[in-house]
Structure formats: C-alpha cells, structure tokens
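Colleague: here is the input, now give the coordinates:
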Amino acid sequence: MGLLIAGALVTLLYSSLSPIRTPQSEIRNQEALPLPDKPSIAVLPFVNISGDPEQEYFSDGLTEDLITDLSKLSGLFVIARNSVFTYKGKPVKVQEVSRELGVQYVLEGSVRKIGNRVLITAQLVDATTGGHVWSERYDRELKDIFALQEEIRRKIVAYLAVRLTEGEQERAWRQYTSNPEAYDYLLRGLEYFNRFTKETNAQARQMYEKAIELDPTYAVAYATLSVTYLVEWFWQWSQTPPTLERAFALAQKAIALDDSLALAHDVLGGAYAWKKQHDQAIAEGERALVLAPNSADAHVWQAQILLLAGRPAEAVGLVEKAKRLNPQYPALY
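Modeller: Purely as a prediction, here's the structure:
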C-alpha cells in the first residue's frame with residue numbers, strides 16, 4: 001500500500017504540471033455547482049495565434065503560470081489547471097463553464113509570440129451573465145513579459161476586489177526570475193516533461209538545467225528539475241539511491257532560494273515520505289497549503305502523505321476540497 005501511495009505521489013506531481021487532458025469526472029452530467037462564498041475564477045487556456053504550433057508551449061505555460069499565481073490568494077477561489085485544460089481547443093460558452101466548474105468569472109485570452117515581441121489579449125467575463133468585466137490588449141517586448149503578467153494579475157485582483165493577507169501582500173507579486181531566456185527554457189522543459197517518457201524526461205531536465213545555468217537563483221527551475229529525478233526514480237528509469245537523493249537536494253535548494261514556492265515544499269514532502277519521515281513530510285505539505293490554498297494538487301499531495309502516516313480521516317477531507325477545486329478530477333482522487 002505504501003508503494004502504491006508513493007507511486008500516486010509521482011503521478012499527482014506529473015498531472016499537476018501537465019496540460020494533457022485528464023479523464024473527466026461525471027460533473028458534466030450533474031446539476032450546476034453552487035458558487036463559492038468568495039470571488040471565483042477559471043482561467044481558460046490562452047489560445048496560440050502565432051500560426052506556429054511550435055509556440056504552443058508558450059501560451060500553455062503562460063496560462064499555467066497565471067493559475068499558479070492566482071492560486072496563492074486565499075481570498076479567491078481558483079479552478080485547477082487540470083479542469084480548465086479540458087476545454088483546450090474547443091469552442092466554449094462561458095455560461096457552460098460557469099455551470100460545470102462552479103465559478104462566476106472566466107478569463108479568456110490569446111498569445112502571439114513573434115521574435116522578441118509578444119502580443120497578449122485578455123478578457124474577464126462574468127460567466128453567470130456573459131457580460132464583459134474588462135478586456136485589454138498588450139503589445140510588449142519579450143523582456144517585459146514578467147511585468148505584463150503582474151499587470152494582468154493585479155487587474156484581476158482589483159476588479160474582483162480580492163483582499164490580500166499580510167503574507168500574501170509580500171508573496172503575490174513575487175518574480176522568480178528576471179531572465180526571459182531562462183523562463184523560456186523552463187516552459188520548453190515543461191512541454192517535454194508533459195510527454196512523460198524516459199526520453200522526454202531527460203530532455204526536460206536539459207531545459208531546466210539550461211534555465212538554471214542562465215539564472216542560478218531560479219527556484220522554480222530547481223523544483224521542476226527535482227521532479228524529473230522523482231519520476232526517474234519511481235518509474236525505475238534509474239532507481240538508485242543517488243537519484244532520490246538528487247531529487248531531495250534540489251527541492252531543498254529551491255526552498256533555500258525561495259521559501260514561498262509551494263511546489264518545492266510539495267516535492268520535498270514527497271521525498272520525505274519515501275524516506276518514511278512522515279512528520280517532516282506532513283510539515284512540508286502543510287507549508288505548501290498555506291502558500292497555495294487554492295491548489296487542488298497540494299491538497300491531494302498532502303492527503304497521500306497523511307495516508308502513509310496512518311491518518312486517513314484527515315486525508316478524506318483534503319481530497320473533498322481538491323474535488324471542488326478540480327471538478328474534472330482524475331481517477332486518482
């Protein structure tokens with residue numbers, strides 16, 4: 001049982017980073033989900049309009065980043081990336097999204113990346129009525145991508161009147177790198193990783209290592225690099241003690257660089273779980289939930305660790321919360 005749960009941890013971490021469509025739950029055949037008691041939003045996959053399929057990694061990556069950043073805010077309810085990516089490449093009616101995911105607001109957008117410029121359009125819609133709240137068109141140099149992402153987040157927070165706690169005020173606008181090239185390598189790495197083979201896992205690792213080479217303080221790159229070692233170890237592509245220790249060390253490095261990175265705490269918690277150090281694993285999971293209260297994956301990750309620690313009742317409650325954050329939840333839930 002312990003091995004099965006440990007395997008689920010890797011599967012969960014893979015699904016949390018992957019835009020690949022997951023099997024849908026039966027939610028589409030059920031009544032509309034009730035709206036949460038705080039502002040709620042689903043960020044639909046930004047559409048790549050560059051005319052180049054090779055740029056798909058960039059539009060998907062921007063979408064995932066926005067979801068991850070908004071998930072840090074306790075005053076907001078944010079639908080998980082797994083659920084919103086089930087709408088990728090399909091004609092969508094926002095009223096249906098509202099009913100199926102149980103949110104009031106939907107953010108839609110498009111991305112065109114050409115050379116050193118990026119064109120982004122974004123519109124926030126009240127999905128219960130179909131009315132537009134705001135829309136904007138941005139035409140910037142690629143080096144300004146981080147400021148542009150922050151501007152979009154700030155507008156969402158302002159229009160939805162989201163209140164930030166004292167800790168969130170400090171963390172909400174954190175920038176993990178100032179190097180656009182390093183960021184681009186990170187997104188390319190995610191695209192390789194999401195194919196989930198031994199070969200593409202190795203290619204993803206090369207991309208993350210290149211990102212770190214360009215920015216040695218890039219905590220997210222260390223955390224995602226750690227995941228490649230966890231995956232390699234579990235699937236026995238290289239199941240040697242140094243592989244697991246490498247995953248452990250990289251997660252610790254990510255946290256040393258930035259303690260506010262929930263993914264790094266999730267990864268470190270998983271590594272502790274494999275080492276059967278349950279108290280440390282649970283502490284890391286609790287830290288991740290504080291940092292990303294809207295992360296469905298962090299809830300299920302912690303539930304798996306609690307199962308290993310012999311605390312199933314608490315695990316059930318966490319999974320129930322995850323199911324609401326991720327209505328199109330995978331069978332793992």
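
Colleague: if I look at the spatially most central residue of the chain, how far off is residue 188?
Modeller: Nearest to the geometric centre of the chain sits residue 68, at 4.6 Å (Cα atoms, centre = their mean). Residue 68 sits 17 Å away from residue 188, going by Cβ to Cβ, to the nearest Å. Placement of C-beta: from N, CA and C, glycine included.

Colleague: same thing with residue 168?
Modeller: Relative to residue 188, residue 168 is positioned 30 Å away (Cβ to Cβ).

Colleague: can you pull the contacts of residue 80?
Modeller: 67, 295-297, 322, 325-326 (Cβ atoms under 8 Å, 6 or more residues apart in numbering).

Colleague: top of these by neighbour count?
Modeller: Greatest neighbour count in the contacts of residue 80, by other Cβ atoms under 10 Å, goes to residue 296: 29 neighbours.

Colleague: residue 235 contacts residue 198, doesn't it?
Modeller: Yes. Residue 235 lies in contact with residue 198 (Cβ atoms under 8 Å); the separation is 7.5 Å.

Colleague: if you count surrounding residues, which of these two has more?
Modeller: Under the criterion of other Cβ under 10 Å, the comparison of residue 235 against residue 198 puts residue 235 first, with 16 against 12.

Colleague: need the phi and psi values for the more buried one.
Modeller: With angles defined as degrees, to the nearest 10, residue 235 sits at phi -80, psi 10.

Colleague: quick check: the gap between it and residue 223.
Modeller: 19 Å.

Colleague: again, but for residue 33
Modeller: In terms of Cβ to Cβ, residue 33 sits 31 Å off from residue 223.

Colleague: neighbour count winner among these two?
Modeller: More neighbours surround residue 223 than the other of residue 33 and residue 223, with 26 against 16 (other Cβ under 10 Å).

Colleague: look at residue 196 and report its pLDDT.
Modeller: In this model, residue 196 is scored at 83, pLDDT.

Colleague: where's it relative to residue 55, distance?
Modeller: 21 Å.

Colleague: quick one on the thing from earlier: please name the residues that touch the residue nearest to the centre of the chain.
Modeller: 81, 292, 295.
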